[in-house]
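Asks: Starting from these lines, generate the structure:
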Amino acid sequence: MTKQCFCDTMSVTDITKLYNYHKQRQGIGMENQFIRHEPCFERILFVLTLDRKKMKERILIGEEQQIRFRLNGSQNAEVLCDMTRPLGTFLINFERDTDRDWNLYGLSPLRQALHSNRWKQPELEQAASEFLWEKYLSNDPLKMYVAFRIWNSYLLAREPRDRNAACDRFMDKMSRLTGVFQNETMSFDRETGKPKQFQAGSLYFKGAPSEDTRLDLWFPDNRRTEECVSDYASLYPLITYYLNRLNDWGLCFRRCKVCGKYFLAKSQRYELCSDKCRKAQALQNKREFDERSRENNYDLLYKNECQNWRNKINRVKNTAGFPADRLEKIQASFSDFKKEALQRKKAVKTGTASPKEFTDWLYQQSNVIVELTEI
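Replies: Prediction:
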């Protein structure tokens, strides 16, 4: 497939076909990128639905009517993305851009292109295109959506005669869309894991334009049992909705003790995030159990041998006429036995000696006490 496959007027259907094609090519190389074409004039939405019962989230990207068709069960509806993932994935994997790469490599070259002559524009567009296309092919719905919105908004900004005013509008809207990447979105209590409710009275909602605080709620209908929310201008309202829903449902964030990743759980007693980690933990538990069994075996033999020595020493103590010097020698040998046994046990625990070596030595000591106590 070459760049000739991009038509002059790119519709959502064309973009969808392109997206499906490149999903199969991930890892092979990126021969195609976002290039200049007629923009998509339809309003492309980011739609989210949360399923508490199945602990799943579903994200759809596309035109409103097509998304509604897809939600009602039509697989022929053309959408850019329709992905179902474990509940909480959107917040846990949320894009973090502390180095402002989206602004530096995605927006800045396009801003310069809008203020440059036609000879400089291709190079600037290519720089931004490479960055955005890589994000689009990441298979992350959020990155896909923002990358598409930036490129399409740039194409729309090229339409008006007044490029300066169009550029200002473009940068203002896209900066608000990507600005959320510089903030922490997975806000929760570190002790209980309970998500913190995002307050609508925060400084952001007080100072933001009304469009940036809007989130459309789609109530369930006869075919669709879960409510949906659609977002367009800013991602903050979507994060607010998500955190508040998780808080209302009493769910909590936990960190997997095997892989270290965060996941969403119904209570704090959950410590493992997936079947893979549960199998890994079960294997580790078996190894630890086997190790304890081996340790308990040689430790039990040591305790039994100590008791064997004590029994024989007590027997000679109660034997009339048993020489006192021999009894003293036996007791001294018992002290030496215990000191050396502790050293050998320590060597087994540190791995410098094997349990078999220790148990063989213990069996030899049984003969020593027998010889010492012979009458």
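Asks: show me the contacts for residue 127.
Replies: For residue 127, the contacting residues are 105, 109, by CB atoms under 8 Å, 6 or more residues apart in numbering. Every residue, glycine included, has its C-beta placed from N, CA and C.
Asks: any idea which element it lies in?
Replies: Element membership of residue 127 [criterion: DSSP states H and E] is helix 121-136.
Asks: Go through that helix and flag the buried ones.
Replies: 121, 124, 125, 127, 128, 129, 130, 131, 132, 133, 135, 136 (16 or more other CB atoms under 10 Å).
Asks: Contact partners for residue 209?
Replies: With the criterion set at CB under 8 Å, 6+ apart, residue 209 makes contact with residue 233.
Asks: follow-up on the earlier one: ok, of the buried residues of helix 121-136, which one's closest to residue 305?
Replies: Among those, residue 135 lies closest to residue 305 (CB to CB), at 68.0 Å.
Asks: ok, back up a step: for the helix holding residue 127, the distance to its chain's centre please.
Replies: Helix 121-136 sits 28 Å away from the centroid of its parent chain (CA atoms, centre = their mean, to the nearest Å).
Asks: list the buried ones in the helix or strand following it?
Replies: Using DSSP H and E, the helix or strand that directly follows helix 121-136 along the chain is helix 141-157. Applying a neighbour-count criterion of 16+ other CB under 10 Å, one finds 141-157 buried in helix 141-157.
Asks: swap in stretch 221-230?
Replies: So, applying 16+ other CB under 10 Å, buried residues of stretch 221-230: 226, 228, 229, 230.
Asks: So which of those residues are in strands?
Replies: Counting by DSSP state E, those place 228, 229, 230 in strands.
Asks: shouldn't the last one be in contact with residue 47?
Replies: So that's residue 230. Yes - shown here, residue 230 and residue 47 form a contact pair, counting by CB atoms under 8 Å, at 4.7 Å.
Asks: joint contacts of those two?
Replies: 67, 218.
Asks: want to throw the buried residues of helix 121-136 into JSON lines with distance to residue 281?
Replies: As requested, the buried residues of helix 121-136 are exported to JSON lines (distance: CB to CB, whole Å):
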{"residue": "121", "distance to residue 281": "55"}
{"residue": "124", "distance to residue 281": "51"}
{"residue": "125", "distance to residue 281": "50"}
{"residue": "127", "distance to residue 281": "46"}
{"residue": "128", "distance to residue 281": "45"}
{"residue": "129", "distance to residue 281": "44"}
{"residue": "130", "distance to residue 281": "41"}
{"residue": "131", "distance to residue 281": "39"}
{"residue": "132", "distance to residue 281": "40"}
{"residue": "133", "distance to residue 281": "39"}
{"residue": "135", "distance to residue 281": "34"}
{"residue": "136", "distance to residue 281": "36"}
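Asks: Give me the below-cutoff pLDDT ranges for this protein.
Replies: 1-33, 186, 197-207, 222, 292-296, 375 (pLDDT under 70).
Asks: now the helices for it?
Replies: Taking DSSP state H, the helices of the chain run over residues 12-23, 64-71, 89-92, 101, 108-114, 121-136, 141-157, 163-178, 203-207, 236-248, 275-317, 324-350, 355-372.
Asks: what residue of the protein is the furthest out?
Replies: Taking CA atoms, centre = their mean, the residue of the chain most remote from its mean C-alpha position is residue 321, at 77.0 Å.
Asks: Against residue 193, how distant is the spatially most central residue of the chain?
Replies: Against the mean C-alpha coordinate of the chain, by CA atoms, centre = their mean, the closest residue is residue 261 at 4.4 Å. Distance of residue 261 to residue 193, given as CB to CB, to the nearest Å: 14 Å.
Asks: Kindly report the same for residue 318.
Replies: Residue 318 sits at a distance of 64 Å from residue 193 (criterion: CB to CB).
Asks: For the residue nearest to the centre of the chain, which non-adjacent residue is closest in space?
Replies: Excluding the flanking residues, the one nearest residue 261 by CB to CB, 6 or more residues apart in numbering is residue 273, at 5.8 Å.
Asks: Run a quick neighbour tally on that neighbour.
Replies: Counted with other CB atoms under 10 Å, residues neighbouring residue 273 total 22.
Asks: got a list of what it touches?
Replies: Counting by CB under 8 Å, 6+ apart, residue 273 makes contact with 254, 256, 258, 259, 261, 263.
Asks: rerun that using 10 Å as the cut-off
Replies: 86, 92, 254-265 (CB atoms under 10 Å, 6 or more residues apart in numbering).
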